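**Q** Following is a predicted model, sequence given first.
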Amino acid sequence: MKSIVVASLFFPLAFGAEYLVGVGKDETTGKKGMGFDPSSIHPAAGDVIAFEFRSGSHSVVQSSYEKPCTALENGFYSGVVTVADNLEVDVPDLPQVRLTINDTNPLWLFDQAGGLCQKGAVLSINPTLDQSAGGFKENAAKDAGVSLTTSSTPTSGATSSSTVTSSSVAGSATSSNVAFRDHVPHWTALAGALASIWNML
């Protein structure tokens, strides 16, 4: 009986999808450039987004549909991550920030440090028919934007009902205003949780 209960608990946790999103990578060419690759995704609750940073200085900042280039107060902020310009676009071990999605409400993000939000450096998470990825980019072209101060530190909060949590930066790069927690691999945390459940049965 224990094995059936543990298996039913294990599989939903173990198989959440992971979305790899390049920051500072052009989705039309696959080369280093502006924005996010891809620029629109539809994760489910429990899925993980791995933001992988390319050459230059980039930051992932939460905004709103109406003001895509204006940082949302108390919204998610990755911190600024700077990657050497001489690295290839898809070199292994680029720095990452991993985000876990808690529900399927829309989230709106932009690359503030890259400075190209108005030109389309935005990411739509779970856009809808009424608030579409295309509409978000159109709004970005009209939004002058409001910057975060340089003293801002990374946050894992989100001001909508769809919340995001951050874990670590992996790989070698310099970063300013970054204070990420040490990353615990998913399988290590999962094994610990399953052992606790097993002992309770």
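**A** Received the coordinates, thanks. Residues are numbered from 1 along each chain as shown.
**Q** quick one: residue 94 from residue 56, how far?
**A** Per Cβ to Cβ, to the nearest Å, residue 94 is found 12 Å from residue 56. Where you see a C-beta, it was placed from the backbone N, CA and C, and this is true even at glycine.
**Q** can you check residue 74 too?
**A** Per Cβ to Cβ, residue 74 is found 27 Å from residue 56.
**Q** how about the helices in this protein?
**A** Assigned by DSSP state H, the helices in the chain fall at 2-14, 133-142, 186-200.
**Q** neighbours around the nearest residue to residue 44 once chain neighbours are set aside, how many?
**A** Once flanking residues are discounted, residue 44 sits nearest to residue 104: 6.3 Å by Cβ to Cβ, 6 or more residues apart in numbering. Residue 104: 15 surrounding residues under other Cβ atoms under 10 Å.
**Q** pLDDT wise, what is residue 104 at?
**A** Looking at residue 104, its pLDDT reads 95.
**Q** and what of residue 176?
**A** Residue 176 is given a pLDDT of 35.
**Q** my read: residue 70 touches residue 64, true?
**A** Yes: here residue 70 lies in contact with residue 64, judged by Cβ atoms under 8 Å, at a distance of 7.2 Å.
**Q** What are the buried residues along stretch 90-110?
**A** Within stretch 90-110, the residues that count as buried by 16 or more other Cβ atoms under 10 Å are 94-101, 106-110.
**Q** still on that earlier bit, neighbour count winner among residue 74 and residue 56?
**A** Neighbour totals were compared for residue 74 and residue 56, and residue 56 leads with 19 against 11 (other Cβ under 10 Å).
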